[in-house]
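from the sequence below, what's the structure:
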Amino acid sequence: MSKLEAPQGFDFSSPASFPEWLKRFKLYRVATGLLDKDGGVQIATLLYTMGGDAEQLYETFTFADDNEKKDFDIVSKKLLDYFNPKWNVINLRSIFHTRAQRADESIESFIRDLYKLSEHCEFAAERDNTIRDRLVVGLLDKELSAKLQLEENLDLSKTIYMSRHHELVKNEVAKQVEIDSISRSSASCGTSQKNSDRQAVTKSYANYQETINCNNCGLKHKRRQCPAFGKQCHHCQRPNHFAKKCRSRTRLTPAAAEIVDQNMPEGETYYLDAVTQIQDNSEPWFVSIPISNTNIKFKVDTGADVTILSKNTYDLLIDKPVLSKANIELKSVNSDVTVFGYFILNSSTMVMSTHSNVM
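From the prediction side, this is the model:
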């Protein structure tokens, strides 16, 4: 066990603090075993620890004999009488009787302060009862105060126990209420999210069940239940609509191929200016291109993104090139164009002087 240090020297400029200083020295006296030593040793240690003018002050005291000079209790009493101020008992009692628990103060702190304030009030044998009364009346919790006033045989010890226990339980209940509030808030958020999800699903299902006027078949039916789905139009040969609802102005022949740049990325969408049966045979608008030993006429300068080769024309080729799968989308003014594939063409014609992808 480490050696205990003695209290710091006493501040002679603050005489009112001597009672508290002496209490600490007495604790040190017991803890170090100084209590069991000779009285002269105890007095010498006391005066040395006090420091300053303690020895000179000691010499001014009057003792009946040499034994009193070495009696620790007698010397302590004389020091207390010298330093102890003359208390204004009326003022101290006034402060005590008006003391009440503050809003930010615990019951334990309130009790300790009542003990301290009563120390010099000279309540004598009635000190405990006086502290009890002030504690009951000064409590911030008036419900607890009323309960204590109705309690039979209420002494100071019972008052302190009931007050501490009440505050402990009240704090625990407050914590539990806070936890329950947080739990309910979380559960409410979860319920709200579930209700929102449920409403979204219900709305989606309602939209699915809604009857619409279909522009592909001309009938009324629920979504995704069109009878024209998978059917081929007799007018334009395209799928998923009936001829009576066809939006093509002229009859179209399904496209078999188109001429595009080799670097054209897959998945893109390209647009044609128009795809119709050819009525104009004027030579300036056409160019003949040899494909697989067969000369094919192409209409040029149409403004389209790509040039296409019809399936009927492809079927006329003597040595048909093998078509590769084309992952692009081709649209005309009125509707989509079916793409069957593409093949590579080497052409010396000016408008196709580079390798091109022929669809």
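
what mean pLDDT does stretch 53-63 get?
Mean pLDDT, computed over stretch 53-63, is 91.

show me what it is in contact with.
Here stretch 53-63 makes contact (Cβ atoms under 8 Å, 6 or more residues apart in numbering) with Phe10, Phe12, Ile43, Leu46, Leu47, Tyr48, Lys69, Ile74, Val75, Lys78, Leu79, Tyr82. Just so you know, the C-beta spots here come from the backbone N, C-alpha and C atoms, and that holds for glycine as well.

gap between the two ends of it?
This stretch, stretch 53-63, spans 19 Å end to end (Cα to Cα, to the nearest Å).

which positions in it come out as buried?
Ala54, Leu57, Tyr58 (16 or more other Cβ atoms under 10 Å).

repeat for stretch 93-109
For stretch 93-109, by 16+ other Cβ under 10 Å, it's Arg93, Phe96, Arg99, Gln101, Ile107.

just stretch 40-52 next, same as before
By neighbour count on 16+ other Cβ under 10 Å, the buried set for stretch 40-52 is Gln42, Ile43, Thr45, Leu46, Leu47, Thr49, Met50.

dump the contacts of stretch 53-63 into CSV; add secondary structure as well.
What follows is the contacts of stretch 53-63, written out as CSV (DSSP: H, G, I helix; E, B strand; the rest coil):
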residue, secondary structure
Phe10, coil
Phe12, coil
Ile43, helix
Leu46, helix
Leu47, helix
Tyr48, helix
Lys69, helix
Ile74, helix
Val75, helix
Lys78, helix
Leu79, helix
Tyr82, helix
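
grab the nearest non-local neighbour of Phe110.
Gln101 (4.4 Å; Cβ to Cβ, 6 or more residues apart in numbering).

from Lys325, how far off is that neighbour?
Noted for Gln101: a distance of 88 Å to Lys325, by Cβ to Cβ, to the nearest Å.

just Ser185 next, same as before
57 Å.

what do you get for Cys236?
Distance from Cys236 to Lys325, by Cβ to Cβ: 23 Å.

phi, psi for Asp155 please.
Dihedral pair for Asp155: phi -110, psi -180, per degrees, to the nearest 10.

in contact with it, which residues?
Here Asp155 is in contact with Asp128, Asn129, Arg132 (criterion: Cβ under 8 Å, 6+ apart).

re the thing from before, let me have the contacts of stretch 53-63 in JSON lines, extended by pLDDT and distance to His241.
Formatted as JSON lines, those follow (pLDDT from 0 to 100; distance: Cβ to Cβ, whole Å):
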{"residue": "Phe10", "pLDDT": "92", "distance to His241": "109"}
{"residue": "Phe12", "pLDDT": "90", "distance to His241": "112"}
{"residue": "Ile43", "pLDDT": "94", "distance to His241": "120"}
{"residue": "Leu46", "pLDDT": "94", "distance to His241": "114"}
{"residue": "Leu47", "pLDDT": "94", "distance to His241": "117"}
{"residue": "Tyr48", "pLDDT": "94", "distance to His241": "115"}
{"residue": "Lys69", "pLDDT": "92", "distance to His241": "126"}
{"residue": "Ile74", "pLDDT": "95", "distance to His241": "122"}
{"residue": "Val75", "pLDDT": "95", "distance to His241": "119"}
{"residue": "Lys78", "pLDDT": "92", "distance to His241": "120"}
{"residue": "Leu79", "pLDDT": "93", "distance to His241": "115"}
{"residue": "Tyr82", "pLDDT": "90", "distance to His241": "117"}
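
nearest to Ile291, of those residues?
Phe10 (119.1 Å; Cβ to Cβ).

could you pull out the strands in the stretch 151-300 of the chain for me?
Here the stretch 151-300 of the chain has its strands, by DSSP state E, counting those that start in this stretch, at 211-213, 220-222, 255-261, 269-271, 286-291, 294-299.

which of those comes out lowest on mean pLDDT?
Among these, strand 255-261 scores lowest, with a mean of 39.
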